[in-house]
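*Asks:* need a 3D model of the following:
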Amino acid sequence: MIRRALLLLAILFLQSLRAEPTGLMEWVCKKLKKDCSALIKVGAVRGDSPRVGTRLALYQVQKDAEVMLWDCKACWSPAVLSSTEVAVLGTEGIWRVSLSLSAKPPVLAIKAKNVLRILGLATEPAAGLLVLLDGGPQCCPQVALADLEQGAISAPADQPKDCRPIDAACDVYGPRVDQFQGDLMLSATDSDTGDPAALTIRDIAKKGLGSFLQKGVKWDDGVSRFDPIWVGEDQVVYVTSH
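*Replies:* Below you'll find the predicted structure:
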């Protein structure tokens, strides 16, 4: 009887560990400005760690044209700030980048060395982003709020846990909310080859893959394109590696 009781307790404990990421994801979704019901549908899917690119690029769907926004040297994890501006991580911290080439050059909004990823625009403050910080060698990355106007990063008071032990349940590099437009999910992996040679969309409702970028874009140019996000309905921002 004692052994059965201990086994039952162990099973319940393991189930609680598996449920943790979902609860954290739902909490994160409440803090994000953009609806992330599609992200909940996909669930806590682990992905590859972010790739660091050398340039930030914009693809204009209607014009079928690619524009280089910034020769960043080292950047990753772009996120939407508005229809005309994005944020992106660099080795020095979080940068603000205009989508207009005639606008002012990129600005370092927050100096920080421990930001791993930008999750998306927060409900508040107006220029706030939810980000993931390095949790150290013993903990999963921690969710924090980056205030671009104040130039500061702080931990939300109602965050579920200060430290989740590192294990397979650390949902760090799964999809981000800006990859979704309704049930359409942007991916940087070619559906046929698996290489980051073309941007594709996945209809998570139909579980189908289809080509997103139209003909006329030179995908045989030796350039990898990854970490894509929607900016409105007809623009995509992503990082490239030459």
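
*Asks:* can you pull out the helices in the chain?
*Replies:* 2-31, 37-42 (DSSP state H).

*Asks:* need the least confident one among those, by mean pLDDT.
*Replies:* Mean pLDDT is lowest for helix 2-31 among these, at a mean of 49.

*Asks:* burial count for the closest residue to Val80 other than its chain neighbours?
*Replies:* Among residues not flanking Val80 along the chain, Asp178 sits closest, at 5.1 Å (Cβ to Cβ, 6 or more residues apart in numbering). (C-beta placed from N, C-alpha, C; glycine too.) Residues near Asp178, counting by other Cβ atoms under 10 Å, number 26.

*Asks:* what does Thr200 give?
*Replies:* 18.

*Asks:* my guess is it meets Ser187, correct?
*Replies:* Yes - the pair Thr200 and Ser187 passes the contact test of Cβ atoms under 8 Å, sitting 5.1 Å apart.

*Asks:* can you pull the contacts of Ser100?
*Replies:* With contacts defined as Cβ atoms under 8 Å, 6 or more residues apart in numbering, Ser100 is in contact with Thr84.

*Asks:* how about the backbone phi and psi for it?
*Replies:* Main-chain dihedrals, Ser100, degrees, to the nearest 10: phi -100, psi 120.

*Asks:* and the gap between it and Val88?
*Replies:* Between Ser100 and Val88 the distance is 15 Å, computed by Cβ to Cβ, to the nearest Å.

*Asks:* and Arg202, by the same measure?
*Replies:* Taking Cβ to Cβ, one finds Arg202 at 23 Å from Val88.

*Asks:* so these two - more neighbours on which side?
*Replies:* Using other Cβ under 10 Å as the criterion, Arg202 and Val88 rank with Val88 on top: 25 against 22.

*Asks:* burial measure for the residue nearest to Lys30 when sequence neighbours are not counted, as a count.
*Replies:* Nearest non-adjacent residue to Lys30, counting by Cβ to Cβ, 6+ apart: Thr123, 7.8 Å away. Using other Cβ under 10 Å, Thr123 has 12 neighbouring residues.

*Asks:* make 49 the starting number, not 1.
*Replies:* Happy to do that; since the first residue is 49 now, the last one works out to Thr171.

*Asks:* my read: Thr171 touches Lys81, true?
*Replies:* Yes - using Cβ under 8 Å, Thr171 is in contact with Lys81, at 5.1 Å.

*Asks:* contacting residues around Ala113?
*Replies:* Per Cβ under 8 Å, 6+ apart, neighbours of Ala113: Tyr107.

*Asks:* contacting residues for Pro276?
*Replies:* Gln227, Leu234, Ser235, Ala236, Leu247, Val284, Val285, Tyr286.

*Asks:* contacts only, for the first one.
*Replies:* Meaning Gln227. Met233, Leu234, Ser235, Pro276, Ile277, Trp278.

*Asks:* again, only this time at 6 Å
*Replies:* Each residue near Gln227 by Cβ atoms under 6 Å, 6 or more residues apart in numbering is listed here: Met233, Leu234.
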